[in-house]
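> Coordinates only, no sequence provided:
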Ligand code: GLN
């Protein structure tokens, strides 16, 4: 029998529902169960590819090429396995399927209604994902917060599943308990209201994860228990942690896995969270720092700086650093600053390594190119990811191969040297405004060149990595660029598309058309990130 655990949020978003879902998944999997996790995003967007990363966070790409939510990345990292496209759905995708089915007469002349047909499609998708991965447990994280109009149909799907088979479904509410500064006391009322709101959707939560700055104390646990109608042992303290990989350890301390298994009347198999404990031990014993700068543009919202747009890059840096017993220090550098104040590039020398991650459009592009110019000339370790590789090619073309005004046609379609150009099959997509889920997405192979930095890092000559792009290195300029010293060290064997560039006489200068960060895991750091951090650690801070 497959069991389903719905994870819903109370009070406010951004309190770590994704990490909680990923952590529970990991703990159950460490007890020997087959676990998978699903993310439901209550947006009309059919996938995450068309959402603004500042608003919604990074677009995570699966092996099979779905543009999904960053939480899928957390599931992969915590579960240490690939998650495929059936594990992600949005409101838009669900409605699209129902409408297409209606047009194909699949409802036998019935009136098609929001209820039950939309929740039924949600349930079909949840069960399909469980079946495809032969899961003992399926975790289903419903985006947003209870009480929002937007996710009500997904809660309804959960409620219907519980009615159909009460033994196989539980609900976990991840709720926030504020500690207002002027009071200095943890308040339970917002969580009480969240439970009541959930009740009005016909759902009684089985477990509450009490997210707060501080641990939950006994008096408040009792209060929540009485007002929310939940035994105190099923109210789990979940205070802030320094490192997200401590969350499974904390949950286990509170016996969360046992509580969940008990709810399903299952006797627990062996205990296991030792790998997380070991990892945290290793992290805490790493003292030497390595300082990395990320030059991007998706940081600022009003007066706040967010880094969610680059979450996989950040995680990949951490995994690689920890594996080398180093403590990473990350700083966000706004590409625009290098445009308005060109001498700002000098500040780059205080970093031991610079990354230019993926991106789209013209904002900040010249700033990124200036930054790349500086790190190439000043021999600062550089890793360019997708756009970061394309712009490194542009910089090299302009300043080394002497192609004045070389550019990517994404920004300047009339450049005399279109060293980065749109892929032929993408041209018609752009012209036909077919922009959703139509980039070159997901895993493709790449053959590595002999004697390259890449082959040294990977230790093999054929690799597979995940992609998300419409533009590529223009092969008409390959010879000219190579003559000027650019090393093309990775190529897709099927299409002869440039996948990796490097330069010689530099401690580390690598750009990849793919996104290596998507495959980095805490227990399997990515080889390119490891090489990059290794060489960064050799530079003086
Ligand atoms: N904008 C570039 C392209 O479409 C790079 C994309 C990216 O960095 N993911 O090819």
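Everything's here; your move. Just so you know, these numbers come straight off a predicted model, no measurement behind them.
> What lies in contact with stretch 402-409?
Here stretch 402-409 makes contact (C-beta atoms under 8 Å, 6 or more residues apart in numbering) with 390-391, 394, 397-398, 412, 415-422, 471, 477, 480, 484. Where C-beta positions appear, they are placed from N, C-alpha and C, glycine not excepted.
> same check, this time on stretch 41-55
Contacts to stretch 41-55, defined as C-beta under 8 Å, 6+ apart, come from residues 56, 59-60, 66-69, 88-93, 95-96, 142-144, 148, 150-151, 154, 298-301, 306, 308-309, 435-437, 439, 468.
> anything in that stretch near the ligand?
No - against the ligand, stretch 41-55 shows no contacts by C-beta under 6 Å from any ligand atom, the least distance being 10.3 Å.
> And for stretch 507-517?
No - using C-beta under 6 Å from any ligand atom, we find that stretch 507-517 stays clear of the ligand, coming within 6.8 Å at best.
> Check the offset of that stretch from the chain's centre.
Stretch 507-517 sits 18 Å away from the centroid of its parent chain (C-alpha atoms, centre = their mean, to the nearest Å).
> and the most centrally placed residue in the chain, what does it touch?
Geometric centre of the chain, nearest residue: residue 70, 3.0 Å, by C-alpha atoms, centre = their mean. Residues near residue 70 by C-beta under 8 Å, 6+ apart: 18, 57, 58, 59, 60, 308, 311, 312.
> thinking again about what came up before, hmm, which of the contacts of stretch 402-409 are the buried ones?
Among the contacts of stretch 402-409, the ones that count as buried by 16 or more other C-beta atoms under 10 Å are 390-391, 394, 397-398, 412, 415, 417-422, 471, 477.
> Report the two of these separated the most.
Greatest spatial distance in those: 398 and 422, 19.5 Å, computed using C-beta to C-beta.
> filter the buried ones among the contacts of stretch 402-409 down to the ones near the ligand?
Applying C-beta under 6 Å from any ligand atom to those, one finds that 390, 471 fall near the ligand.
> So which of the buried ones among the contacts of stretch 402-409 are in strands?
418, 419, 420, 421, 422, 471 (DSSP state E).
> any chance you could map the strands in the stretch 101-250 of the chain?
Listed in chain order, the strands found in the stretch 101-250 of the chain under DSSP state E, counting those that start in this stretch are 137-142, 169-176, 207-212, 235-239.
> Export those strands to CSV and append columns for mean neighbour count.
Below are the strands of the stretch 101-250 of the chain laid out as CSV (neighbours: other C-beta atoms under 10 Å):
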stretch, mean neighbour count
strand 137-142, 26
strand 169-176, 25
strand 207-212, 25
strand 235-239, 22
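> how about the ones you listed, which one is nearest residue 506?
strand 137-142 (42.7 Å).
> quick one, helices of the stretch 101-250 of the chain?
For the stretch 101-250 of the chain, the helices defined by DSSP state H, counting those that start in this stretch cover 114-132, 152-164, 189-200, 218-228, 247-253.
> Give the next helix or strand downstream of the shortest one.
Next helix or strand after helix 247-253 toward the C-terminus (DSSP states H and E): helix 256-263.
> which other helices and strands contact whichever helix or strand comes after that next one?
Using DSSP H and E, the helix or strand that follows helix 256-263 towards the C-terminus is helix 274-285. If you count contacts as 3 or more C-beta pairs under 8 Å, 6 or more residues apart in numbering; DSSP states H and E, helix 274-285 packs onto helix 247-253, helix 311-323.
> Just the buried residues of helix 274-285, please?
For helix 274-285, burial by neighbour count (16+ other C-beta under 10 Å) applies to 276, 279, 280, 283.
> same question, stretch 108-118
Within stretch 108-118, the residues that count as buried by 16+ other C-beta under 10 Å are 117, 118.
> contact partners of that stretch?
Contacts for stretch 108-118 (C-beta under 8 Å, 6+ apart): 94, 95, 98, 102, 107, 153, 156, 160.
> Show me the shaky parts of the chain.
Scanning the chain for pLDDT under 70 picks out 272-273, 300-305.
> What residues does it have near the ligand?
Contact residues (C-beta under 6 Å from any ligand atom) of the chain with the ligand: 358, 359, 360, 386, 387, 390, 410, 468, 469, 470, 471.
> Swap in 5 Å and give it another go.
358, 360, 386, 387, 468, 469, 470, 471 (C-beta under 5 Å from any ligand atom).
> mind checking how far the last one is from residue 427?
If you measure residue 471 against residue 427 using C-beta to C-beta, to the nearest Å, the figure is 11 Å.
> wait, isn't residue 475 in contact with residue 498?
Yes - Residue 475 lies in contact with residue 498 (C-beta atoms under 8 Å); the separation is 7.3 Å.
> Who has more neighbours out of the two?
The residue with more neighbours, out of residue 475 and residue 498, is residue 498; 26 against 14, by other C-beta atoms under 10 Å.
> Next up, the contacts around that one.
472, 473, 475, 478, 488, 490, 491, 513.
> now swap in residue 28 and tell me
Applying C-beta under 8 Å, 6+ apart, the residues near residue 28 are 35, 136, 137, 257, 260.
> picking that back up, so for residue 175, which of the helices of the stretch 101-250 of the chain sits nearest?
Among the helices of the stretch 101-250 of the chain, helix 189-200 sits nearest to residue 175 (C-beta to C-beta), with 4.2 Å.
> Name the residues that touch that closest one?
8, 10-11, 145-147, 155, 171, 173, 175-178, 204-205, 208, 210, 224, 227-230.
> Over to stretch 211-219?
If you take C-beta under 8 Å, 6+ apart as the criterion, stretch 211-219 is touched by 15-16, 20, 174-179, 186, 210, 224, 235-240.
> Help me confirm that residue 446 is found in a strand?
Yes - remark: residue 446 belongs to a strand, assigned using DSSP: H, G, I helix; E, B strand; the rest coil.
> Point me to the residue of the stretch 201-350 of the chain nearest the ligand.
Here the residue of the stretch 201-350 of the chain nearest the ligand is residue 296; by C-beta to the nearest ligand atom that distance is 10.5 Å.
> and that residue, backbone torsions?
Here is the backbone geometry of residue 296 (degrees, to the nearest 10): phi -140, psi -170.
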